[in-house]
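Q: What follows is a predicted protein model with its sequence.
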Amino acid sequence: VVQVAESGGNFVQEGGSLRLSCRVTGAIFDDYGMGWFRRSPGGEREEISYFNEFDQLQYLADSVKGRFTASRDRANSAQYLQLNDLKPEDTAMYYCVAGHGTRSDYTHYGWWGQGTQVTVSS
């Protein structure tokens, strides 16, 4: 069975940094896309980043450009999200997802992690 596990969330002060990690285990083939989403309290789900199956970063949200850096490590079936200059509005549960297909549909039947909480205080 495929499992996705995130880690790295924490409570930080405004302006601080965190590094989120995500690891996929149990997948037979590694030709899947990977992405990060977040959901703030009472808010909608927001897509943060997307790597296609060729490890190309095809999307990074405007709201995080210049502050967040996404990377993928295929050898370790992992991806990372470096969060710098954190703001209170970045407070959310961050989810990792992996799946086959295109950016528009890979989440439909993809594998989701349980999420890791990021809380930024002002």
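A: Yes, it's here.

Q: mind listing the strands in the chain by residue range?
A: Taking DSSP state E as the test, the strands found in the chain are 3-7, 11-13, 18-25, 33-39, 45-51, 57-60, 68-73, 78-83, 92-99, 111-112, 116-121.

Q: What helices and strands are in contact with the fifth one?
A: If I follow you right, that is strand 45-51. strand 33-39, strand 57-60, strand 68-73, strand 78-83 (3 or more Cβ pairs under 8 Å, 6 or more residues apart in numbering; DSSP states H and E). Placement of C-beta: from N, CA and C, glycine included.

Q: Buried residues, it. List them.
A: Along strand 45-51, these residues count as buried under the neighbour rule (16 or more other Cβ atoms under 10 Å): 48-51.

Q: How far does it sit from its chain's centre?
A: Between the centre of strand 45-51 and the centre of its chain there are 7 Å (Cα atoms, centre = their mean, to the nearest Å).

Q: N10 against V118, yeah?
A: Yes. Counting by Cβ atoms under 8 Å, N10 touches V118, with 7.0 Å between them.

Q: which residues are in contact with both of those two?
A: By Cβ atoms under 8 Å, 6 or more residues apart in numbering, N10 and V118 have these common neighbours: L18.

Q: So between the two, which is more surrounded?
A: V118 (22 against 14; other Cβ atoms under 10 Å).

Q: Tell me which residue is most central in this protein.
A: Centroid check for the chain by Cα atoms, centre = their mean gives W36 as the closest residue, at 2.3 Å.

Q: which residues touch that residue?
A: 20, 22, 47-49, 70, 79, 81, 94-97.

Q: For it, which non-adjacent residue is closest in space?
A: Among residues not flanking W36 along the chain, I48 sits closest, at 4.1 Å (Cβ to Cβ, 6 or more residues apart in numbering).

Q: wait, doesn't the one you found sit right on L81?
A: Yes. If you go by Cβ under 8 Å, I48 and L81 touch, sitting 7.0 Å apart.

Q: which neighbours do those two share?
A: Shared between the contact lists of I48 and L81 (criterion: Cβ under 8 Å, 6+ apart) are residues 36, 68, 70, 94.
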